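1. just coords:
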């Protein structure tokens with residue numbers, strides 16, 4: 001129907017159809033912004049009402065049916081920022097004169113450049129490890145030498161942590177571990193490696209602790225989504241003639257106080273300690289304050305530095321989810337102080353031909369299993385990117401954390417693409 005000078009008249013042809021179809025596609029694109037144009041055209045054609053004219057049947061578009069034809073796709077949860085990224089995919093290292101091989105990890109959500117003390121943990125099985133040359137390739141192409149070959153090192157395997165100054169390279173992007181066998185006679189395999197970003201939230205300026213007074217020192221935190229960690233890692237480095245005279249209190253950006261150390265009877269010396277604090281009820285970003293109070297006269301000391309750590313571990317190994325079977329992906333936490341909280345965050349990225357087949361558990365270091373997703377929904381192919389909150393109150397945090405994905409149905413397969421544990 002088209003307006004004319006006097007009343008209304010019936011018109012037909014592409015001049016009339018084009019604006020209707022264009023408007024319909026605009027409505028669908030607004031409703032389903034992630035769908036491609038080909039998908040939306042097909043949706044219009046398949047949801048229309050069949051109309052026969054001159055012996056030819058074609059669909060008449062029905063925008064209402066088209067809008068209701070697709071179940072809206074949920075927005076993917078944002079992956080938490082990780083300070084350790086693992087890749088457990090085995091990579092064969094060919095014997096010389098074979099070409100060098102690489103293994104990648106991708107860093108995201110890390111502002112600015114990489115740190116001066118970037119660490120790379122490497123686990124390689126190789127007879128006569130002196131043959132192996134190891135390099136870390138930054139996203140901007142900068143090469144950092146981790147290990148030179150050595151004809152005098154005849155021991156087996158490379159299991160080591162290397163530290164490099166990567167402050168001239170951007171943190172975000174693809175990092176690669178490059179491995180070269182420089183002498184013939186032996187081959188090897190990379191079994192796992194990790195890129196580790198030490199906490200950037202630290203105060204390194206030495207400050208005197210006043211007698212019978214309180215020293216306040218601050219650290220600014222930014223770039224951490226949501227609340228703080230549990231256990232938040234609070235490292236202090238203090239020298240004092242009587243450690244027992246000191247009380248240490250951490251104050252969050254919203255004013256919540258956590259007693260790290262009460263007054264005691266310890267002798268003088270150095271207090272280099274990491275405290276684990278459940279700070280999951282307070283926002284991470286903002287100014288954190290460490291208060292060091294000396295209760296008596298006659299003793300002196302210095303706060304040499306302190307830092308805050310937000311433990312988060314990511315495994316980027318892509319693993320197949322076999323039909324009517326299961327797979328596991330894992331990451332290892334070590335060196336942490338404190339115990340688990342009721343707000344552990346677990347990010348899962350899974351792709352599967354029928355998501356309803358999948359049952360997903362988190363397995364804690366003590367072997368306890370925590371259900372993240374039960375089978376039964378959603379009943380379609382798709383991508384699952386979701387953050388789950390898990391209650392692991394008082395459970396040990398150090399050890400292997402595993403994601404177990406069970407396919408309980410038949411006829412479909414998929415992959416686990418990413419797994420993050422954020423304390």
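-> Yep, that arrived. Note that this is a predicted model, so its numbers are computed, not measured.

2. Domain boundaries for the chain, per the record?
-> The chain breaks down by automatic domain parsing into domains covering 2-69, 84-196, 201-309, 313-422.

3. need those in JSON lines with mean neighbour count, mean pLDDT and distance to residue 76, can you?
-> C-betas here are computed from N, CA, C, even on glycine. Formatted as JSON lines, those follow (neighbours: other C-beta atoms under 10 Å; pLDDT from 0 to 100; distance: least, C-beta to C-beta, whole Å):
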{"stretch": "domain 2-69", "mean neighbour count": "12", "mean pLDDT": "68", "distance to residue 76": "10"}
{"stretch": "domain 84-196", "mean neighbour count": "17", "mean pLDDT": "96", "distance to residue 76": "14"}
{"stretch": "domain 201-309", "mean neighbour count": "17", "mean pLDDT": "97", "distance to residue 76": "14"}
{"stretch": "domain 313-422", "mean neighbour count": "18", "mean pLDDT": "96", "distance to residue 76": "4"}
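
4. where does residue 23 fall, helix, sheet strand or coil?
-> In three-state terms, and counting by DSSP: H, G, I helix; E, B strand; the rest coil, residue 23 is helix.

5. ah, wrong one, I meant residue 102
-> Classification of residue 102 using three-state DSSP returns strand.

6. Compute the distance between it and residue 325, please.
-> Taken as C-beta to C-beta, to the nearest Å, the spacing of residue 102 relative to residue 325 amounts to 30 Å.

7. And for residue 183?
-> 41 Å.

8. go on, residue 237?
-> Separation of residue 237 from residue 325 (C-beta to C-beta): 50 Å.

9. Ramachandran angles for residue 18?
-> Dihedral pair for residue 18: phi -60, psi -50, per degrees, to the nearest 10.

10. Out of the domains of the chain, the one nearest residue 78 is which?
-> With C-beta to C-beta as the criterion, residue 78 lies closest to domain 201-309 of these, at 6.7 Å.

11. Quick one: end-to-end distance for that closest one.
-> 7 Å (C-alpha to C-alpha, to the nearest Å).

12. do stretch 208-216 as well
-> Distance between the boundary residues of stretch 208-216 (C-alpha to C-alpha) amounts to 10 Å.

13. Then stretch 238-251?
-> Taking C-alpha to C-alpha as the measure, stretch 238-251 stretches 18 Å from start to finish.

14. Equivalent analysis for stretch 52-62, please.
-> Counting by C-alpha to C-alpha, you get 16 Å between the two ends of stretch 52-62.

15. returning to that earlier point: out of the domains of the chain, nearest to residue 77?
-> For the domains of the chain, distance to residue 77 was read as C-beta to C-beta. The smallest value, 4.3 Å, belongs to domain 313-422.

16. Please compute how far stretch 325-332 lies from its chain's middle.
-> 16 Å (C-alpha atoms, centre = their mean, to the nearest Å).

17. Residues contacting that stretch, please?
-> Under the contact criterion C-beta atoms under 8 Å, 6 or more residues apart in numbering, stretch 325-332 has outside partners 84, 86, 88, 313-315, 317, 319-321, 363, 399-407, 416, 419, 421.
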